[in-house]
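J.: With the sequence up front, the predicted model follows.
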Amino acid sequence: MTQIIAYLTFDGNCAEAMNFYKECIGGELMINTVGDTPMEGECGAANPGAVMHAQLIRGSLQLMASDMMGATELIRGNATALSLNCSSEDEIRTLFDGLSVGGSDISPLKVEFWGALFGMITDKFGIRWLLNFDQNT
C-alpha cells in the first residue's frame, strides 16, 4: 500500500525532538547517529552524534527525521504541517496536550463545521501539528 510518511529535518536537536514525540505519541523509536553508520567518513564536519536517521513507529503511524547534514542552511517555514487523524477523543486530547508543552496553540481543540474535534499547534521545535478526530466514524 502506498503511503506518505512525514520526514522532519532538524539542526542538531533531532534526537531531543524525536524523544519528545515518542513521549507524546508513544511507539517504538529507532535512532541512528552518523557515528553509528559507515557514512561517518563521508559526512565531512558533521558531528558523529548527529542523527543520520530516526524513525518513530506506532501502528500505522510513522514519523522519520534527521539532523541537517548538507552544506545548505536549514530554513523553517510554515508551509508544512503534520496531520494526525486520531481514533478517540481521549487520544486527541492527550496528543494535543503533550505536543503543546513548550509550544503554542494556533487553534484550540473544538468541534468544527465538518463534525470533527480539531485543533492546531506549533510545538517547541517549530513543527506545526493538525489534530483531527472525526466523531462521526
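T.: It's in.
J.: Give me the contacts around the helix or strand where C24 lies.
T.: Taking DSSP states H and E as the definition, C24 sits inside helix 14-25. Helix 14-25 is contacted from outside by 8, 10, 29, 31, 33, 50-51, 54, 56, 58, 61, 63, 65-67, 84, 94-95, 98-99, 101, 123-125, 127, using CB atoms under 8 Å, 6 or more residues apart in numbering. Any C-beta I mention is one placed from the backbone N, CA and C, and that applies to glycine too.
J.: And the helices in the protein?
T.: Remark: helices assigned in the chain by DSSP state H are 14-25, 89-100.
J.: closest one to F133 among those helices?
T.: Between F133 and those, the tightest spacing by CB to CB is seen for helix 89-100, at 4.2 Å.
J.: who touches the closest one?
T.: For helix 89-100, using CB under 8 Å, 6+ apart, the contacting residues are 21, 23-25, 84, 86, 109, 117, 119, 121, 123, 129, 131-133, 135.
J.: if we go to 7 Å?
T.: When contacts are defined by CB atoms under 7 Å, 6 or more residues apart in numbering, helix 89-100 is touched by residues 23-25, 84, 86, 109, 117, 119, 121, 123, 129, 131, 133.
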